[in-house]
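Asker: Based on what follows, work out the 3D shape:
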Amino acid sequence: MIMLNILRVNGFYDQGIFFLGGYEEKNIYRLDIDNIENLEAGKGIVIKLLIHNTISNTIETYEIPYLAENFCGLLWKGRFYYARFSHEKTLLHIHSLGFSHARSSQITVPLADVVGNATVYRTEMRGIDDRYCLFGCSTSKTYKTTHLLLIDFEEKTYCSIAPDFGIDSFCGIETIMTIGDAQPAPNREEIVLITGGCIWTKKYEIWENRRNGRNLEVDLMEHVVIFERDSFFRRLKSGLPLEVTDKQMMERCSLHKSIISYGGNETKINYTMVDFEENRTTSIEYDIHSGKQTRFEYESILRSPVYMDGKLYSIETLDHERYALLDLQTNQFVVILSSDEKILVVDKHIMLSYKWLATNQQLVYIYDLGEEPVEQKFLGIGYSHYDGKQVTIFS
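Answerer: Alright, predicted model coming up:
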């Protein structure tokens with residue numbers, strides 16, 4: 001039986017809470033507040049951040065003093081970015097909020113310097129690390145990103161860069177991750193780009209019907225690319241396109257392959273891809289310190305693979321919309337859930353699940369994966385989050 005720390009936070013019954021990320025002993029959540037006056041005025045939703053200290057089990061709140069136009073999730077080293085417009089959308093304000101002392105800074109951009117007189121139809125933000133973020137917008141009714149800014153909060157500057165980073169084969173940046181060497185020397189940091197942003201089931205349909213339509217090989221190309229951090233930003237700021245060598249290209253997925261999941265921490269990344277031609281699922285883990293790549297392969301296409309502790313699992317859908325966790329090494333089901341039960345998170349030690357109540361609350365359950373047999377245990381009612389160390393339940 002594992003010893004699991006369970007933290008309970010009261011006073012948030014029936015409120016919309018969303019986990020953003022963690023920094024040191026703190027977990028940060030977003031609390032949506034439906035302010036009737038703002039909603040009636042067409043101003044949107046006020047955002048309040050909850051800063052939960054998991055050691056003292058105490059809550060601090062930080063209310064965004066503006067109605068934010070767009071948000072980016074919590075970033076590496078506890079940095080939160082968001083943007084807003086002012087003066088009838090002629091000025092753009094990019095904000096950086098650090099959670100060490102809840103300090104905020106901003107950079108103001110005249111919007112005409114970026115898009116001229118064009119109308120902005122969509123905006124987006126991407127965090128890179130505790131210094132840099134990206135702000136993108138679309139002046140096209142197709143909503144494709146047409147303008148991209150690199151924001152540097154250390155130098156308090158911004159510059160326009162190509163939406164595809166100057167690499168013709170990049171059709172869209174799915175995610176950007178910063179990974180670093182945990183060892184004191186060499187203190188190396190790298191930027192990982194995953195591009196393409198394809199929904200793999202749609203790509204599979206196109207691959208199946210590839211002889212009946214136009215050639216979409218280039219449009220649906222996906223990549224996993226690694227850049228040395230300093231040179232990455234130096235080239236972007238100088239206006240030069242990024243250069244990609246074979247050594248930097250970890251993965252190139254043409255029409256018959258697709259990346260279906262990815263993740264990582266400060267020293268490793270992992271991603272899982274499917275190969276339609278070979279009917280195979282492959283999970284890859286890359287360690288920046290050793291440079292080692294570890295690959296796990298399974299001779300079938302998995303719709304919901306789970307990679308943990310060096311093993312590959314699969315979340316299977318059974319009859320009557322029941323879910324189950326399948327151990328691919330033994331081909332045995334570890335857990336089979338009831339029809340109204342959903343999987344919240346799977347870890348190498350536990351699995352959390354939930355059932356929705358009519359009050360929009362969750363009944364939260366835990367399964368100890370080290371037990372024989374694995375049995376369901378009730379944890380509580382409310383929004384729950386597991387950070388790898390403890391479970392927090394807001395109720």
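Asker: pLDDT below threshold where in the stretch 51-200 of the chain?
Answerer: Scanning the stretch 51-200 of the chain for pLDDT under 70 picks out 67-77, 100-102, 168-171, 181-187.
Asker: Which stretches in it count as helices?
Answerer: Along the stretch 51-200 of the chain, counting by DSSP state H, counting those that start in this stretch, helices occupy 112-115, 200-208.
Asker: Was I right to think residue 362 contacts residue 381?
Answerer: Yes. Between residue 362 and residue 381 there is a contact under CB atoms under 8 Å: 6.9 Å. C-betas here are computed from N, CA, C, even on glycine.
Asker: of those two, who's got more company?
Answerer: Using other CB atoms under 10 Å, the more surrounded residue of residue 362 and residue 381 is residue 362, with 22 against 18.
Asker: Need the residues touching each of residue 362 and residue 381.
Answerer: When contacts are counted by CB atoms under 8 Å, 6 or more residues apart in numbering, residue 362 and residue 381 have no shared neighbour.
Asker: ok so, going back, mind putting the helices of the stretch 51-200 of the chain into CSV with distance to residue 122 and mean neighbour count?
Answerer: Converted to CSV, those look like this (distance: least, CB to CB, whole Å; neighbours: other CB atoms under 10 Å):
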stretch, distance to residue 122, mean neighbour count
helix 112-115, 12, 14
helix 200-208, 20, 15
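Asker: Would you reformat those helices as JSON lines and include distance to residue 248?
Answerer: Converted to JSON lines, those look like this (distance: least, CB to CB, whole Å):
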{"stretch": "helix 112-115", "distance to residue 248": "29"}
{"stretch": "helix 200-208", "distance to residue 248": "24"}
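Asker: what's the closest of the ones you listed to residue 139?
Answerer: Nearest of the helices of the stretch 51-200 of the chain to residue 139, taken as CB to CB: helix 112-115 at 5.3 Å.
Asker: Which strands or helices does that closest one pack on?
Answerer: Identification of packing neighbours for helix 112-115 by 3 or more CB pairs under 8 Å, 6 or more residues apart in numbering; DSSP states H and E yields strand 147-152.
Asker: what about the strand it packs on, distance to the chain center?
Answerer: Taking CA atoms, centre = their mean, to the nearest Å, one finds the center of strand 147-152 at 20 Å from the center of the full chain.
Asker: in that strand, what counts as buried?
Answerer: Applying a neighbour-count criterion of 16 or more other CB atoms under 10 Å, one finds 147-151 buried in strand 147-152.
Asker: Pull the most distant pair out of those residues.
Answerer: The two members of those with the most space between them (CB to CB) are 147 and 151, at 13.0 Å.
Asker: Now do the same contact list for residue 147.
Answerer: 114-115, 136-139, 160, 163.
Asker: Could you single out the nearest of those residues to residue 244?
Answerer: For those, the nearest to residue 244 is residue 163 (16.4 Å; CB to CB).
Asker: show me the residues around the residue nearest to residue 264 when sequence neighbours are not counted that make contact.
Answerer: Among residues not flanking residue 264 along the chain, residue 177 sits closest, at 5.5 Å (CB to CB, 6 or more residues apart in numbering). Neighbour list for residue 177: 191-192, 194, 264, 269 [criterion: CB under 8 Å, 6+ apart].
Asker: okay if I get the residues you listed as CSV plus distance to residue 236 and neighbour count?
Answerer: Shown next, in CSV, are these (distance: CB to CB, whole Å; neighbours: other CB atoms under 10 Å):
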residue, distance to residue 236, neighbour count
191, 10, 21
192, 15, 20
194, 17, 21
264, 21, 17
269, 21, 22
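Asker: And these, which is closest to residue 232?
Answerer: Closest to residue 232, out of all of these and judged by CB to CB, is residue 191, at 4.7 Å.
Asker: Pretty sure the closest one sits against residue 128.
Answerer: Yes. At 7.1 Å, residue 191 counts as touching residue 128 under the criterion of CB under 8 Å.
Asker: if I look at those two, which residues touch both of them?
Answerer: Common neighbours of residue 191 and residue 128, using CB under 8 Å, 6+ apart, are 176, 178.
Asker: Next, find the distance separating the residue lying closest to residue 297 once chain neighbours are set aside from residue 15.
Answerer: Spatially, and ignoring its direct neighbours in sequence, residue 297 is nearest to residue 282 (5.0 Å; CB to CB, 6+ apart). Distance check for residue 282 against residue 15: by CB to CB, to the nearest Å, it reads 41 Å.
Asker: Kind regards, and thank you for your time.
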